[in-house]
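J.: coordinates only, sequence not included:
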């Protein structure tokens, strides 16, 4: 059974206008965030890095872990099909917090 993906790419929408949308994502150790899909190019700005595990709920045996660093900034181009991020969990020992800045088309 397929899992429905959300367009909500963060926990809280902090700002939105006709050019950008800014989300906040903060996970204490053991906290999780649901599967979601990115439909816009975005910047990922990491305030406090952590170790996140990405798991496909439909195939839990397959997962990947990504270590994010404090002050890391990454640009991600998203194609027409979108970029799916699976269910993620903070498996590290400290809080992970990042901001997602979605770039709306002009």
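T.: Looks like it arrived, so ask away. Being a predicted model, the structure only gives us computed values, none of them experimental. Numbers count the residues shown, from 1 in each chain.
J.: In contact with residue 64, which residues?
T.: Contacts for residue 64 were tallied using CB atoms under 8 Å, 6 or more residues apart in numbering; they are 53, 54. Placement of C-beta: from N, CA and C, glycine included.
J.: Direction included, what does whichever strand or helix holds it pair against?
T.: Assigned by DSSP states H and E, residue 64 belongs to strand 59-67. Here strand 59-67 is paired, per DSSP bridges, with strand 51-56 (antiparallel).
J.: Check the offset of the strand holding residue 64 from the chain's centre.
T.: Relative to its parent chain, strand 59-67 has a centroid offset of 14 Å by CA atoms, centre = their mean, to the nearest Å.
J.: immediately after that strand, which helix or strand?
T.: Sequence order places strand 73-76 as the next helix or strand after strand 59-67, per DSSP H and E.
J.: Give me the contacts around that following strand.
T.: Here strand 73-76 makes contact (CB under 8 Å, 6+ apart) with 38, 41, 42, 43, 44, 45, 46, 83.
J.: hmm, try it at 6 Å
T.: By CB atoms under 6 Å, 6 or more residues apart in numbering, the list of residues contacting strand 73-76 from outside reads 42, 43, 44, 45.
J.: partner strands of it, parallel or antiparallel?
T.: Applying DSSP bridges, strand 73-76 is found paired with strand 42-48 (antiparallel).
J.: Kindly state the pLDDT recorded for the residue nearest to residue 89 when sequence neighbours are not counted?
T.: Spatial nearest neighbour of residue 89, excluding adjacent residues (CB to CB, 6 or more residues apart in numbering): residue 32 at 4.4 Å. At residue 32, the pLDDT value in this model is 96.
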